[in-house]
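[1] Fold the following for me, if possible:
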Amino acid sequence: MALGARAAPDPIEQFQGTLLQVMQEAKALGFEGRARRFDALVEAVFDLERITRRICGRVWSGLDGERRSALREAFKRLSVAMLASEFDGYKGETFRPPEVLSQSEKRRRVRSALVSGDGDSVSIIYTLRKTVRGWRVVDVLFDGISEVQIRRAEFRGVLKRKGLDGLMALLAERTTALAAASP
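    Below you'll find the predicted structure:
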């Protein structure tokens with residue numbers, strides 16, 4: 001596929017299409033309905049294990065399978081709650097068609113943008129990796145700012161100060177707070 005070509009990266013189109021659909025149905029779905037829709041979407045589009053491993057750094061290698069699964073699920077629940085909280089209505093937003101910026105055998109970078117009803121836009125760059133399940137998103141940059149880097153900076157400090165149990169408690173608290181604050 002040629003660089004700059006308007007490709008059809010399935011995970012990105014699936015993600016953006018579902019986001020728009022949920023935004024349009026947001027009021028009828030309510031927070032719980034949006035969260036249910038986003039739960040399946042996050043699982044299908046993102047490489048949650050790789051993202052969680054990158055956020056946790058060296059701590060990850062010292063965790064057994066059960067603790068890794070629990071941490072991955074906690075991050076997934078927070079991600080779902082963040083999406084359900086943030087995308088709670090529709091005001092004419094659209095996405096620019098995905099455009100492949102770079103691609104290798106195992107990695108792809110795709111650019112798009114979320115355009116508000118009044119024409120303002122937020123640049124989005126998705127980084128994807130080829131997995132046994134196909135292409136999966138491993139990071140998202142909004143206006144050049146990496147979501148994984150933000151979470152890593154935030155949560156590694158918690159891991160150092162409070163350990164894994166402290167991080168798990170914080171993730172649960174944030175997830176609960178987002179649900180409580182959202183219509």
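
[2] how about the helices of this protein, start to end?
    10-24, 26-45, 48-56, 65-86, 147-181 (DSSP state H).

[3] Those helices: which one's closest to residue 121?
    helix 10-24 (13.3 Å; C-beta to C-beta). From N, CA and C alone the C-beta is placed, and that goes for glycine too.

[4] what comes up buried for the closest one?
    11, 12, 13, 15, 16, 18, 19, 20, 22, 23 (16 or more other C-beta atoms under 10 Å).

[5] from the helices of the chain, which stretch is densest packed?
    helix 48-56 (a mean of 20; mean count of other C-beta atoms under 10 Å).

[6] hmm, who's touching that one?
    42, 60, 63, 68, 71-72, 75-76, 79, 129, 136, 138-139, 148, 151-152, 155-156, 159 (C-beta atoms under 8 Å, 6 or more residues apart in numbering).

[7] now stretch 124-143
    Stretch 124-143 is contacted by residues 9-12, 15, 45-47, 50-51, 54, 98, 101, 105-114, 122-123, 144, 146-149 when judged by C-beta under 8 Å, 6+ apart.

[8] and if you look at stretch 62-81?
    So stretch 62-81 is in contact with 35, 38-39, 42-43, 46, 48-49, 51-52, 55-56, 60, 151, 164, 167-168, 171-172, 174-175, 178-179, going by C-beta under 8 Å, 6+ apart.

[9] Report the distance from it to the chain centre.
    Offset of stretch 62-81 from its chain centre (C-alpha atoms, centre = their mean, to the nearest Å): 14 Å.

[10] cool, and stretch 138-145?
    Offset of stretch 138-145 from its chain centre (C-alpha atoms, centre = their mean): 10 Å.

[11] Nice, that's everything, thank you.
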